[in-house]
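Peer 1: Give me the fold of what follows.
(one chain, ligands or ions: 1)
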Amino acid sequence: MYKEDTIAAISTPFGTGGIGIVRISGDNAFDIAKNIFRGKTDFDKIRSNSIKYGKITDPKSKITIDEVLLSKMKAPDTYTREDLIEINCHGGSIVTGTILELVLRQGARLAEPGEFTKRAFLNGRIDLTKAEAVIDVINSKTKESTKAAIEQLEGSLSVKIKEIRQRIIGLLAHIEVTVDYPEHDIEEITGRMVYDELKKIKTELESLIKNFDKGRILRDGIKAVIAGRPNVGKSSLLNVLSGRETAIVTNIPGTTRDIVEEYINIRGIPVRLLDTAGIRKTDDTVEKIGVEKASTAMKDADLVIIITDVAEGLTKADIKLLETTKNKKVLVLINKIDLATDMQIEEMQRALTKYGVVAVSLKDSTNIEEIEENIISIILSDEISQNNEILVTNIRHKMLIDKALQSIEEACESHENRMPLDMITIDINAAAQHLGGITGENASEDVLNEIFSRFCIGK
Ligand code: GDP
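Peer 2: Numbering: from 1, shown residues only. Take a look at the predicted model:
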């Protein structure tokens, strides 16, 4: 068990709020609370995991600071696995600050960012993936991302990584026995067997990496670029989706000269929408800059939304624009259906069957729901329905899985080049090391400090 001094911090966000929480963890947490808490029940008699009403009083000056609810939690069944006290007081920095100060004067040390969670990790209550998921829960902005973070918290990734790592270690042990003690009566593990298992592990690591993109989308959101000729309704789309009048909507071609961007939330997924200037050949320098920016924005977009005007039909410029979106996920909107006949709309739809198409009127807000549905289904290519898959949402995890995969690939190559088994173990061992770095089974102190310093104080 990891033992250290007693730490304290304000666990609620800085600023005014209904309540504030001061948290104390460590061997002296109960003594400190006993010194400053006055309730009906004698502090020592308060049962673990119960909450009591009382007052926080400065033992020296006898001044009462606040009426509070105090939670007493006895080790080891606590978040940090240490004795833990939580004081629910009135919100606002003055009250919480005064109580914290009082606690520190009783001998606690101000916690470093993430130190409570660090202790939970060091005391073996949670592993590193879970600790990092806590940061994600604290920071995540949307429902879907919260879900991904929580699932990770539940350890699905770490279970999977641990299982793969265990298989790798099993392989290592098997090889070692075979190489070092050939006289033992152990069924000789053939190179072929090792190779087959490595191939299986390789596929599993690859699928985890593939899921990283999806995890990234759920967590960080997507970048969608709106493109189309001048006046087709790009700014209108931005406005309809964001529900706010941020972009300038005019009917003078080429007014949207620069890129206007807006963050919106579609079904819990953050979407960064960029409205570009009409992409077309132009001599106007200001507009040209806009056009160049638009092309650049399209290059690293997760989705390009191309708007066409049904009243004008599919023009050469539209077709050219569609051609520039090769290898991109594309959604085409047939806009201004309020101005067109059914026949015109059907004709446009037929011409665009290659693409995901929605016929809309941005002016009348017709079929806006369909736009949102299509954005999500195109982006997640309907794989999202498989809720039980394991998402890798953390870049550090992804990099370590990448490295492990690389080592496994090198081991496979060595086998293909008929290298002896004990040579191959070097790479297999490296893969185990990398995976261990994810769950913290061999993480160095530096990595730990880096991770925990990203937490907010009090978590
Ligand atoms: P942009 O140049 O592509 O950004 O186009 P805007 O969004 O500025 O729209 C150009 C003009 O088309 C504006 O006058 C809009 O009111 C109009 N407009 C946009 N969508 C529709 C629509 O669905 N129906 C009709 N009738 N007009 C629209």
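
Peer 1: name the element residue 201 belongs to?
Peer 2: Secondary-structure element containing residue 201, defined by DSSP states H and E: helix 191-220.

Peer 1: Which parts of the stretch 201-350 of the chain are helices?
Peer 2: 234-242, 285-299, 316-323, 342-351 (DSSP state H, counting those that start in this stretch).

Peer 1: in the shortest one, what's buried?
Peer 2: Translated: helix 316-323. Within helix 316-323, the residues that qualify as buried are 317-318, 321-322, counting by 16 or more other Cβ atoms under 10 Å. To be clear about C-beta, it is placed using only N, CA and C from the backbone, and glycine gets the same treatment.

Peer 1: And that helix, what does it pack against?
Peer 2: Counting contacts by 3 or more Cβ pairs under 8 Å, 6 or more residues apart in numbering; DSSP states H and E, helix 316-323 is packed against strand 222-228, strand 303-309.

Peer 1: tell me the contacts of residue 237?
Peer 2: Contacts for residue 237 (Cβ atoms under 8 Å, 6 or more residues apart in numbering) come out as 226, 275, 305, 307, 333, 335, 362, 371.

Peer 1: From these, pick the one nearest the ligand.
Peer 2: residue 362 (3.8 Å; Cβ to the nearest ligand atom).

Peer 1: wait, doesn't the closest one sit right on residue 232?
Peer 2: No. Judged on Cβ atoms under 8 Å, residue 362 makes no contact with residue 232 at a distance of 9.3 Å.

Peer 1: quick revisit: avg pLDDT for the helix holding residue 201?
Peer 2: In this model, helix 191-220 carries a mean pLDDT of 83.

Peer 1: re the thing from before, can you pick the most crowded of the contacts of residue 237?
Peer 2: residue 226 (33 neighbours; other Cβ atoms under 10 Å).

Peer 1: Can you name the residues that contact that one?
Peer 2: Contacts of residue 226 by Cβ under 8 Å, 6+ apart are 234, 237-238, 273-276, 305, 307.

Peer 1: can you put the residues you listed in TSV and add distance to residue 164?
Peer 2: Conversion of these to TSV gives the following (distance: Cβ to Cβ, whole Å):
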residue	distance to residue 164
234	46
237	44
238	44
273	38
274	39
275	44
276	43
305	39
307	46
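
Peer 1: Let me have those in CSV, extended by pLDDT.
Peer 2: Below are the contacts of residue 226 laid out as CSV (pLDDT from 0 to 100):
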residue, pLDDT
234, 89
237, 91
238, 86
273, 83
274, 82
275, 81
276, 75
305, 95
307, 95
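
Peer 1: Those: which two are farthest apart?
Peer 2: 274 and 307 (13.2 Å; Cβ to Cβ).

Peer 1: before we move on, what SS does residue 69 have?
Peer 2: When classified by DSSP: H, G, I helix; E, B strand; the rest coil, residue 69 comes out as strand.

Peer 1: which ones are touching it?
Peer 2: 51-53, 87-88.

Peer 1: unless I'm mixing things up, residue 90 is touching residue 20, no?
Peer 2: Yes. Counting by Cβ under 8 Å, residue 20 is a contact partner of residue 90 at 6.7 Å.

Peer 1: Nearest to the ligand: which residue in the stretch 351-459 of the chain?
Peer 2: residue 363 (3.3 Å).

Peer 1: which SS class is that residue?
Peer 2: Following three-state DSSP, residue 363 is assigned to coil.

Peer 1: isn't it right up against residue 235?
Peer 2: No. Using Cβ under 8 Å, residue 363 makes no contact with residue 235, being 11.9 Å away.

Peer 1: So for those two, which residue has more residues nearby?
Peer 2: Counted by other Cβ under 10 Å, residue 363 and residue 235 do not tie: residue 235 has more neighbours, with 21 against 15.

Peer 1: mind listing the helices for the stretch 51-200 of the chain?
Peer 2: For the stretch 51-200 of the chain, helices defined by DSSP H, counting those that start in this stretch occupy the ranges 93-105, 115-122, 128-139, 143-153, 156-180, 191-220.

Peer 1: Could you say which of the ones you listed is packed most deeply?
Peer 2: helix 115-122 (a mean of 24; mean count of other Cβ atoms under 10 Å).

Peer 1: Show me what that one is packed against.
Peer 2: Using 3+ Cβ pairs under 8 Å, 6+ apart: helix 115-122 touches strand 7-10, strand 19-25, helix 128-139, helix 445-452.

Peer 1: what's the span of stretch 222-236, first residue to last?
Peer 2: Length of stretch 222-236, first residue to last, Cα to Cα, to the nearest Å: 20 Å.

Peer 1: what's the answer for stretch 336-343, then?
Peer 2: Start to finish, the residues bounding stretch 336-343 are 14 Å apart (Cα to Cα).

Peer 1: Is that stretch in proximity to the ligand?
Peer 2: Yes. Shown here: stretch 336-343 in contact with the ligand (Cβ under 6 Å from any ligand atom) through 336, 338-339.

Peer 1: Going by distance to the ligand, which of those residues wins?
Peer 2: Out of the residues of stretch 336-343 next to the ligand, the member with the shortest distance to the ligand (by Cβ to the nearest ligand atom) is residue 336, at 3.9 Å.
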